[in-house]
Structures are given as C-alpha cells and as structure tokens.
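>>> take a look and give me a structure for this.
(2 chains)
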Amino acid sequence: GAVVSQHPSWVICKSGTSVKIECRSLDFQATTMFWYRQFPKQSLMLMATSNEGSKATYEQGVEKDKFLINHASLTLSTLTVTSAHPEDSSFYICSARARSRNQPQHFGDGTRLSIL
Amino acid sequence: DQQVKQNSPSLSVQEGRISILNCDYTNSMFDYFLWYKKYPAEGPTFLISISSIKDKNEDGRFTVFLNKSAKHLSLHIVPSQPGDSAVYFCAAAYNAGGTSYGKLTFGQGTILTVHP
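Numbers count the residues shown, from 1 in each chain, chains lettered A, B, ... in the order given. Predicted coordinates:
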C-alpha cells in the first residue's frame, strides 16, 4: 500500500524555536498534501492544503505566517512552526494523495511537538 | 457545524462477532466517503472507501454501506478480531474543483474494543 513518511516523530524544544516537519510520499507522486493537527481526544483538524508548486491554502483561523508550508516537489512537503510557543504543542499529521479522482489520503505517523 | 458525525463514542464487541460502526453526514455535496483506523500516537490508516455512485463496497472482512437518502454510512467488520481494537474515523469529501478538491471532513471517531 501507499506509504507516507513523516519526520521527526517527536520534538521537544524551547519556546521561541522554529521547528520543521517533513512529509514524504515514498511510492507515489503526491500532487496534494494536507497538514492536520490533533488535540487530545479530538478529531483531526485540517490546517492547510498544499499543492505542488503553488501556495498553500490555509483553513480559517490558521495563521499562515505561523505555520509555513512548502511543497517543493511531488514527494515532499514541509511544515515549519515558527517561533513556537507552548500553545503550539500538539500532534501534527500530514497526508498525501495522488492526482486521480477518488483517491484516498494516506497519512504519515504524525509528529508529537512539545514546546517547553 | 459538525458535517460528519459519529454518534457512538465507543463500541465493545466479542471476538468473532460483527462490529458495526455508524456515521452520518449533513452535506449533500459529499460524494466520496472513507473509513480510517487509528492507534494512539500514529497517523490514520486507510481501510476502505466508497463513491456515492455505489451503495456497497467490500474488501475482505470490511464492508462499507452507503445510504444516500438517509445520509448515512456504516462499516461492518466480520469477523471481529482483537487486533481490530482502535479508533475508527469516517471521513467525507467532495470532488468539487478549486480549494475544496479532495479535502476530508472527519467524524469524531469511535473507539472499538474487541474482547477475546
């Protein structure tokens, strides 16, 4: 089956640090990648949609200057949490899908971000 | 406004019996539905999907049923196994153009426990 790799799986850092999370599709070309955030005991909340070669589309309430997304190739998207603060601590998950209609999104294993 | 709802937070089933997980949606524009399985601290794993032109899709022990008039879908797992214990999310998408293309709206999840 399709594989999406997300790295790192766990980050602990000081307040004010910027953190970059990578999402790679390993065996298919992902024209679209998605970034989600999940709070404890809640469902996944879509943050932004990233299309290869174009600017990301952010959901309402998500600060685009805070969460920088780059989708430079068909297999790689990155999310950078800039100047992270404790309230940014969360579980971040990426997903990727191929171009064809009715293709499922395949998810990475997530990144646990803890800001001290 | 919760467009995709899983009204049962949890379900407990005996090994070998059938597990039925339910999901309701309100947006009639949705035309593609998916089920994902998720373990703690991991990304969701795609299980099965169904297009709105069908009312049933089967893959091994997993069958998804779609009732468009009732805006309801269900996932049947037969026979249930202890390894099926996880959180199950239903998700819906509509393949309109523009920024909505391929975006998933998730339900809140149902915790399935299969007892030996």
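>>> which strands or helices does the helix or strand of chain B with the lowest mean pLDDT pack on?
Here the helix or strand of chain B ranked lowest by mean pLDDT, DSSP states H and E is strand B:105-106, holding a mean of 91. Applying 3 or more Cβ pairs under 8 Å, 6 or more residues apart in numbering or on different chains; DSSP states H and E, one finds that strand B:105-106 contacts strand B:86-93. The C-beta positions use only the backbone N, C-alpha and C, and glycine is treated the same way.
>>> buried stuff in the strand it packs on?
Going by neighbour count (16 or more other Cβ atoms under 10 Å in any protein chain shown), the buried part of strand B:86-93 is B:Ala86, B:Val87, B:Tyr88, B:Phe89, B:Cys90, B:Ala91, B:Ala92, B:Ala93.
>>> how far away is B:Ser49 from B:Asp59?
From B:Ser49 across to B:Asp59, the span is 9 Å (Cβ to Cβ, to the nearest Å).
>>> which of the two has more neighbours?
Shown here are B:Ser49 and B:Asp59; by other Cβ atoms under 10 Å in any protein chain shown, B:Ser49 has more neighbours (19 against 10).
>>> assign a three-state SS to the spatially most central residue of chain A, would you?
Centroid check for chain A by Cα atoms, centre = their mean gives A:Trp35 as the closest residue, at 3.4 Å. Look at A:Trp35: counting by DSSP: H, G, I helix; E, B strand; the rest coil, its state is strand.
>>> separation between the residue lying closest to it once chain neighbours are set aside and A:Gln60?
In space, and not counting its chain neighbours, A:Trp35 is closest to A:Met47: 4.6 Å by Cβ to Cβ, 6 or more residues apart in numbering or on different chains. According to Cβ to Cβ, A:Met47 and A:Gln60 sit 11 Å apart.
>>> so for those two, which residue has more residues nearby?
A:Met47 (24 against 4).
>>> show me the contacts for that one.
A:Met47 makes contact with A:Trp35, A:Tyr36, A:Arg37, A:Tyr58, A:Glu59, A:Val62, A:Phe67, A:Leu79, according to Cβ atoms under 8 Å, 6 or more residues apart in numbering or on different chains.
>>> ok, and the closest non-adjacent residue to the closest residue to chain B within chain A?
Residue of chain A nearest chain B, by Cβ to the nearest Cβ: A:Phe107 (3.4 Å). Closest residue in space to A:Phe107, ignoring its immediate chain neighbours: B:Gly43 at 3.4 Å, by Cβ to Cβ, 6+ apart.
>>> can you give me the neighbour number for B:Thr63?
B:Thr63: 18 neighbours (other Cβ under 10 Å).
>>> excluding covalently adjacent residues, which one is nearest to it?
Closest to B:Thr63 by Cβ to Cβ, 6+ apart is B:His76, at 4.5 Å.
>>> what distance do you get for A:Leu76 to A:Val11?
Distance from A:Leu76 to A:Val11, by Cβ to Cβ: 18 Å.
>>> of the contacts of A:Met47, grab the buried ones for PyMOL.
Here is the PyMOL command that selects only those of these that count as buried (16+ other Cβ under 10 Å):
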select buried, chain A and resi 35+36+37+58+62+67+79
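>>> output the contacts of A:Met47 in a markdown table; the columns should cover pLDDT.
Output for these, formatted as a markdown table (pLDDT from 0 to 100):
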| residue | pLDDT |
| --- | --- |
| A:Trp35 | 95 |
| A:Tyr36 | 94 |
| A:Arg37 | 94 |
| A:Tyr58 | 94 |
| A:Glu59 | 92 |
| A:Val62 | 94 |
| A:Phe67 | 96 |
| A:Leu79 | 96 |
